[in-house]
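Undergrad: the following comprises the amino acid sequence and a computationally predicted model.
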Amino acid sequence: MARRLRIPSFVLAPLVLAAVAWASACGTTSAVSPTPTPTPTPTPTPTPTPPVNTPPVIVALTSSSPRVEADQEIALTGFVQDAETPLDQLTYQWSATPAGGQFIGSGPQVKWHAPRQQTSPDVYSLKLTVIEKYVSGGQPAEYDVSKSLDVHYNDSTAEIMKISMRFLTVLFPDFSVSPQAAVQDFSDSCSEKSAELSDVSNNRINFHILSGTYTNVSVALDSPRTSADVSGQCTFVDIPTNPSNPLFGRRESVSGVCTLTAVYESWKWYLCSSHFRGSGIVPLNQLRFRVPGQIIAPSQ
């Protein structure tokens, strides 16, 4: 009969503990659930910003001429740009300062009919205002922009008549007016001005001139309105003050045709020369310094 092997408890106990420890280390572990990936928060779609409306731009404002004659017309053109509104949907307003004349037409291209019988020379400021109406934030709004240009205004006939009458009826035939003041309306660019000044100076020395008249005056302008001829009947009344003059101390008058020339410079009219053609009653040698300008024989 086989004998059973008996293992002492002091030997078996450590083995049991070791087996338990091994089983704990190598035993089945419970499954661990994976951490879920967080769902990203969606970025909100931004509300689109409404486009900004920009004002119209008047790029340029032009006129067909830098000067205009009384009762005549010039053409005006405004060159306009707008990024949003079609140009034919803009509002165009024209105005003049000083107020006067008439705008003919509408839109960016018009004509301006200059007024009559106004101060001359003068400068008119012609203004274009462009208005754009639009909606901003649900509310009506508008832009208005302006641009101006200056136009020189002349009523040439009236202006020339004025300075001609002033010279022959106010300045020359008044012995109290100095020679320099008497030729104030003559252009410095005309060589005849110095001769006119000399004649007036001698008039003041040799005559006490009392009055002058100028009648039946006509003004003839050249086509570009840059020069003119003036002609009319003139009479001067004076008293010779030079004792050597046979007519010394006597009140005398002399009549003839006075002609003047005028030139347009720096946007206004000036006198340039003057001439006197006698009737033949008074000898030419007695006319010297009694009348303005160059003396012309009746037959010339």
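TA: That came through, no problem. Being a predicted model, the structure only gives us computed values, none of them experimental.
Undergrad: how about residue 100, what does it touch?
TA: Neighbour list for residue 100: 114, 115, 118, 124 [criterion: Cβ atoms under 8 Å, 6 or more residues apart in numbering]. All C-beta spots, glycine's among them, are computed from the backbone N, C-alpha and C.
Undergrad: could you rerun that using 10 Å?
TA: With contacts defined as Cβ atoms under 10 Å, 6 or more residues apart in numbering, residue 100 is in contact with 112, 113, 114, 115, 116, 118, 119, 122, 124, 153.
Undergrad: in ChimeraX, how would I select the buried members of those residues?
TA: Selecting the buried subset of the contacts of residue 100 in ChimeraX, with 16 or more other Cβ atoms under 10 Å as the burial test, is done by:
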select :112,114,115,118,122,124,153
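Undergrad: just the contacts of residue 100 now: which is nearest residue 243?
TA: Taking Cβ to Cβ as the measure, residue 243 sits nearest to residue 119 out of those, at 47.3 Å.
Undergrad: my read is that the closest one contacts residue 268, right?
TA: No. The criterion here is Cβ atoms under 10 Å, and residue 119 misses it with residue 268 at 11.6 Å.
Undergrad: and for these two, which residues touch both?
TA: Joint contacts of residue 119 and residue 268 (Cβ under 10 Å, 6+ apart) are residue 159.
Undergrad: just the contacts of residue 100 now: which is nearest residue 96?
TA: When the contacts of residue 100 are compared against residue 96 (criterion: Cβ to Cβ), the nearest one is residue 124, at 5.4 Å.
Undergrad: from what I see, residue 261 and residue 294 are in contact.
TA: No. Counting by Cβ under 10 Å, residue 261 sits too far from residue 294 to count as a contact (11.2 Å).
Undergrad: give me the common contacts of these two.
TA: What both residue 261 and residue 294 touch, as defined by Cβ under 10 Å, 6+ apart, is the set 192, 273, 274, 275.
Undergrad: which one of residue 261 and residue 294 has more residues nearby?
TA: residue 261 (19 against 15; other Cβ atoms under 10 Å).
Undergrad: number of nearby residues for the closest residue to residue 148 other than its chain neighbours?
TA: Excluding the flanking residues, the one nearest residue 148 by Cβ to Cβ, 6 or more residues apart in numbering is residue 127, at 4.2 Å. Per other Cβ under 10 Å, the neighbour tally for residue 127 reads 14.
Undergrad: where's residue 127, which helix or strand?
TA: strand 122-136 (DSSP states H and E).
Undergrad: who are the packing partners of the helix or strand that that strand is followed by?
TA: Next in sequence after strand 122-136, counting helices and strands by DSSP H and E, comes strand 139-154. Judged by 3 or more Cβ pairs under 10 Å, 6 or more residues apart in numbering; DSSP states H and E, strand 139-154 is in contact with strand 57-63, strand 67-69, strand 73-81, strand 91-97, strand 122-136, strand 268-278.
Undergrad: sort out which residues of stretch 276-291 are buried, please.
TA: 276, 277, 278, 282, 287, 289, 290, 291.
Undergrad: can you name the two of those residues that are farthest apart?
TA: Among the buried residues of stretch 276-291, 277 and 289 lie farthest apart (Cβ to Cβ), at 16.3 Å.
Undergrad: helices of the protein, start to end?
TA: Ranges of helices within the chain are 9-26, 156-166, 179-182, 192-206, based on DSSP state H.
Undergrad: the ones you listed: lowest mean pLDDT?
TA: Among these, helix 9-26 has the lowest mean pLDDT, at a mean of 51.
Undergrad: residue ranges with poor pLDDT in the stretch 201-300 of the chain?
TA: The stretch 201-300 of the chain contains residues with pLDDT under 70 at 299-300.
Undergrad: tell me where it has strands.
TA: Under the criterion DSSP state E, counting those that start in this stretch, strands of the stretch 201-300 of the chain are mapped to 207-221, 227-240, 252-265, 268-278, 294-296.
Undergrad: which parts of the third one are buried?
TA: In other words, strand 252-265. Across strand 252-265, burial judged by 16+ other Cβ under 10 Å covers 252, 254, 255, 256, 257, 258, 259, 260, 261, 262, 263, 264.
Undergrad: turn these into JSON lines, including distance to residue 62.
TA: What follows is those, written out as JSON lines (distance: Cβ to Cβ, whole Å):
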{"residue": "252", "distance to residue 62": "58"}
{"residue": "254", "distance to residue 62": "53"}
{"residue": "255", "distance to residue 62": "51"}
{"residue": "256", "distance to residue 62": "49"}
{"residue": "257", "distance to residue 62": "45"}
{"residue": "258", "distance to residue 62": "42"}
{"residue": "259", "distance to residue 62": "39"}
{"residue": "260", "distance to residue 62": "36"}
{"residue": "261", "distance to residue 62": "33"}
{"residue": "262", "distance to residue 62": "29"}
{"residue": "263", "distance to residue 62": "27"}
{"residue": "264", "distance to residue 62": "22"}
